[in-house]
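A.B. asks: give me a 3D structure for the following:
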Amino acid sequence: QVQLVESGGGSVQAGGSLRLSCAASGYTYMIDCMGWFRQAPGKERERVVTIVTGTGGTYYADSVKGRFAISQDKAKNTLYLKMNSLKPEDTAIYYCAASRFTCSGSWGYWGQGTQVTVSS
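C.D. replies: I've put the predicted structure just below:
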């Protein structure tokens with residue numbers, strides 16, 4: 001099993017920055033891909049960014065390209081999401097997720113989520 005714990009959410013004004021962290025524990029060697037998803041009130045959960053843990057290959061949703069950056073610290077088993085130039089439409093609960101079977105596979109592990117609120 002893999003456990004994921006997010007931290008770093010909060011409230012910020014538009015144009016500001018936040019950094020989210022996701023600490024992974026357990027059988028982390030099984031993880032092939034990790035990512036950040038978000039869900040805004042009344043909307044479906046959407047994939048924001050993913051990273052292949054072995055190669056570092058990334059995917060960014062168009063809505064965050066150039067503003068968000070994913071990174072990983074393998075020694076600490078921690079995933080990060082640096083969010084710059086935040087917009088009110090970035091307001092959502094952000095979830096860290098991990099997959100054993102590529103970034104297109106089933107996301108079998110999820111964190112509890114962390115709230116990000118961006119005010120105009």
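A.B. asks: show me where the chain has strands.
C.D. replies: Using DSSP state E, the strands of the chain run over residues 2-7, 10-13, 18-26, 33-39, 46-52, 58-60, 68-73, 78-83, 92-99, 107-110, 114-119.
A.B. asks: could you check the pLDDT of the residue nearest to Leu79 when sequence neighbours are not counted?
C.D. replies: Nearest-residue entry for Leu79: Cys22, 4.2 Å, with adjacent residues in sequence omitted and distances by CB to CB, 6 or more residues apart in numbering. All C-beta atoms are positioned from the backbone trio N, CA, C, and that covers glycine. On the pLDDT scale, Cys22 is placed at 98.
A.B. asks: number of nearby residues for Cys22?
C.D. replies: Neighbourhood size, Cys22 [other CB atoms under 10 Å]: 25.
A.B. asks: contact partners for the most centrally placed residue in the chain?
C.D. replies: In the chain, the centroid-proximal residue (CA atoms, centre = their mean) is Trp36; its distance is 2.2 Å. Applying CB atoms under 8 Å, 6 or more residues apart in numbering to Trp36 gives the contacts 20, 22, 47-50, 70, 79, 81, 94-97.
A.B. asks: who does Val5 bridge with?
C.D. replies: Ala23 (DSSP bridges).
A.B. asks: my guess is it meets Gln112, correct?
C.D. replies: Yes. At 7.2 Å, Val5 counts as touching Gln112 under the criterion of CB atoms under 8 Å.
A.B. asks: higher neighbour count, those two?
C.D. replies: Val5 (14 against 10).
A.B. asks: residue contacts, that one?
C.D. replies: By CB under 8 Å, 6+ apart, the contact set of Val5 is Cys22, Ala23, Ser25, Gly111, Gln112.
A.B. asks: restricted to buried residues, select the contacts of Trp36 in PyMOL.
C.D. replies: With 16 or more other CB atoms under 10 Å as the criterion, this PyMOL line picks the buried residues out of those:
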select buried, resi 20+22+48+49+50+70+79+81+94+95+96+97
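A.B. asks: now, among the contacts of Trp36, which is nearest to Thr117?
C.D. replies: Set against Thr117, the nearest of the contacts of Trp36 by CB to CB is Tyr94 (10.8 Å).
A.B. asks: right, I'll call it a day here.
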